[in-house]
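1. Have a look at this fold, sequence not included:
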């Protein structure tokens, strides 16, 4: 079992084979913010940009997800401390380091002032462009574990060619004869029409069996680049790339769209993603885990579908994570940062208007038309006040009377419909005041701790 411990410098306790993972490079397109250093005791990510702390997370097979935080000036690390000989499960792993920028008090004040108006993100972008804070605040990398050992990104896989001794075994057809004349790039100064299928790549062979493929890319480094050559002012020039799988040993099996000029990868699908992990319907509804979304955003999961809202500190505010989720037991909001407490819950079957907040700010319990700051409506409306370890006081209306009691059934205080006020216990009126001014007392009257009258 992998464990995360929050200490000085994050320590995720992992097997030795697991440690070499951080030698792999960050994702293509991302700026490097950390260097990985391997030692006999573990691996440390040395941050190469100024930071005010951050988080390190690792995900992997069998639902592994470990996250920990590190403070300003510290470096996140994997450590062998406390190992019992366990081995990491085979499969694909992903690590992500996120840092919080170093901000001055003046910058924090500007962020706070612009938060409600939505100007905070624009300020962060402006400071990044000016070089006041790092341009990138996150770094992601992949690695694989095979047979309990990590496959590191130490080399790139060479493409097969006709000169390779393995080429003949890797193909089922022969190479077309090559003439004695020198081979040159072919430039076609006209439209090109292919009545059939086309194969592009170093491993295409004569007699390629296309099946239903119209265009096939075939080699071990698959990329499609969109290179915009516009050179006139105001025309867009951004270059993009479609990437299938990492080129590095131990890299990710994934499909990505890279912003080449921006040095970023805004979209990635990992191999093994569930069917309909992301589905956009014709009417614009989006499904996560379903091909039939029935509302704008529809999430389907076998156990507790959850939406996580994570403020990561990159905009200068204190990190905080909330989960919004639901299952057969309840719909809830979870404070994931502070002990995963369920601070808000609604159980299935709750009646209509159990909680209603009107546009006036008035709150209704059991009513959609609250007439006061707090309006409780029902067949037997009750509310309780209970101090931990003390008696519970119950306030209720029953039989057109207002009652206060300790047990919920007794009547220590009561106001009748005609305005009569009385106090007692278990229905006995030891003190009673009628609307006409009549006063009834069953007991003694004291003044300055002296009895002056008995009834």
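-> Right, received. Where do you want to start? Source: prediction; values computed, not measured.
2. And the nearest residue to residue 357 once chain neighbours are set aside, its phi and psi?
-> The shortest distance from residue 357 to any residue other than its chain neighbours is 5.5 Å, reached at residue 363 (C-beta to C-beta, 6 or more residues apart in numbering). All C-beta spots, glycine's among them, are computed from the backbone N, C-alpha and C. Note on residue 363: its backbone torsions stand at phi -110, psi 130 [degrees, to the nearest 10].
3. Neighbours of residue 363, how many?
-> Residue 363 has 16 neighbouring residues, counting by other C-beta atoms under 10 Å.
4. residue contacts, it?
-> Applying C-beta atoms under 8 Å, 6 or more residues apart in numbering, we find residue 363 in contact with 355, 356, 357, 370, 373, 374, 375.
5. Narrow those residues to those that are buried.
-> In the contacts of residue 363, burial by neighbour count holds for 356, 370, 375, counting by 16 or more other C-beta atoms under 10 Å.
6. Show the model's pLDDT score for the last one.
-> If I follow you right, that is residue 375. In the predicted model, residue 375 carries a pLDDT score of 94.
7. can you give me the helices for this structure?
-> Taking DSSP state H as the criterion, the chain contains helices spanning 16-19, 105-113, 120-129, 167-170.
8. Of all the ones you listed, which one is nearest residue 67?
-> Nearest to residue 67, of all these, is helix 16-19, at 15.8 Å by C-beta to C-beta.
9. ok, and the closest non-adjacent residue to residue 56?
-> residue 76 (3.8 Å).
10. and the one you found, what does it touch?
-> Residue 76 is in contact with 9, 10, 44, 45, 54, 55, 56, 68, 70, 97, counting by C-beta under 8 Å, 6+ apart.
11. Could you pull out the buried residues of stretch 307-322?
-> Burial within stretch 307-322, assessed by neighbour count using 16+ other C-beta under 10 Å, is assigned to 312, 313, 314, 315, 316, 317, 319, 321, 322.
12. Ends of that stretch, what's the gap?
-> Stretch 307-322 has an end-to-end distance of 8 Å (C-alpha to C-alpha, to the nearest Å).
13. Dig out what the residue positioned nearest the centre of the chain forms beta bridges with.
-> Among the residues of the chain, the one closest to the centroid is residue 308, at 4.0 Å (C-alpha atoms, centre = their mean). The residues listed as beta-bridge partners of residue 308 by DSSP bridges are residue 323.
14. re the thing from before, please report the distance of the residue nearest to residue 56 from residue 435.
-> Going from residue 76 to residue 435 by C-beta to C-beta, to the nearest Å gives 73 Å.
15. likewise residue 269?
-> To residue 435, residue 269 is 76 Å away according to C-beta to C-beta.
16. just checking, residue 430 touches residue 443?
-> Yes: counting by C-beta atoms under 8 Å, residue 443 is a contact partner of residue 430 at 5.9 Å.
17. Which residue ranges of the stretch 101-250 of the chain form strands?
-> When assigned using DSSP state E, counting those that start in this stretch, the strands of the stretch 101-250 of the chain occupy the ranges 138-146, 149-151, 198-200, 215-217, 222-226, 240-244.
18. Can you give me every residue that contacts residue 369?
-> When the contact criterion is C-beta under 8 Å, 6+ apart, the partners of residue 369 are 358, 375.
19. where does the protein dip in pLDDT?
-> 1-31, 37-43, 78-88, 148-183, 408-409, 426-427, 454-455 (pLDDT under 70).
20. follow-up on the earlier one: want to try TSV for the buried residues of stretch 307-322, with distance to residue 137 as columns?
-> What follows is those, written out as TSV (distance: C-beta to C-beta, whole Å):
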residue	distance to residue 137
312	8
313	9
314	4
315	9
316	11
317	13
319	12
321	16
322	20
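21. Looking at these, which is nearest residue 252?
-> Within these, distances to residue 252 taken as C-beta to C-beta reach their minimum at residue 312, with 22.0 Å.
22. out of everything not next to it in sequence, what's closest to the closest one?
-> Leaving out its chain neighbours, the residue that sits closest to residue 312 by C-beta to C-beta, 6+ apart is residue 98, at 5.2 Å.
23. burial count for residue 98?
-> For residue 98, the neighbour count with other C-beta under 10 Å is 23.
24. Quick check: it touching residue 55?
-> Yes: look at residue 98 against residue 55 with C-beta under 8 Å: they come within range, at 5.1 Å.
25. hmm, back to that, most packed of the strands of the stretch 101-250 of the chain?
-> Looking across those with neighbours counted as mean count of other C-beta atoms under 10 Å, the highest average goes to strand 138-146: a mean of 21.
26. what's the distance between that one and the middle of its chain?
-> On the basis of C-alpha atoms, centre = their mean, to the nearest Å, strand 138-146 is displaced by 18 Å from the centre of the chain it belongs to.
27. by contact count, what packs against that strand?
-> Counting contacts by 3 or more C-beta pairs under 8 Å, 6 or more residues apart in numbering; DSSP states H and E, strand 138-146 packs against strand 91-99, strand 149-151.
28. Now tabulate these in a markdown table and tack on distance to residue 228.
-> A markdown table is the format used below for these (distance: least, C-beta to C-beta, whole Å):
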| stretch | distance to residue 228 |
| --- | --- |
| strand 91-99 | 30 |
| strand 149-151 | 36 |
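29. And these: which comes nearest residue 400?
-> Between residue 400 and those, the shortest separation by C-beta to C-beta is 60.8 Å, and it involves strand 91-99.
30. First-to-last residue distance for stretch 362-381?
-> Using C-alpha to C-alpha, first and last residues of stretch 362-381 are 17 Å apart.
31. now stretch 398-406
-> For stretch 398-406, the separation between the terminal residues is 15 Å (C-alpha to C-alpha).
32. What are the neighbouring residues in contact with residue 90?
-> Residues touching residue 90, when contacts are defined by C-beta under 8 Å, 6+ apart, comprise 61, 145, 146, 147, 148.
33. Considering the buried residues of stretch 307-322, which is situated nearest to residue 338?
-> Using C-beta to C-beta as the measure, the one of the buried residues of stretch 307-322 that approaches residue 338 most closely is residue 321, at 9.3 Å.
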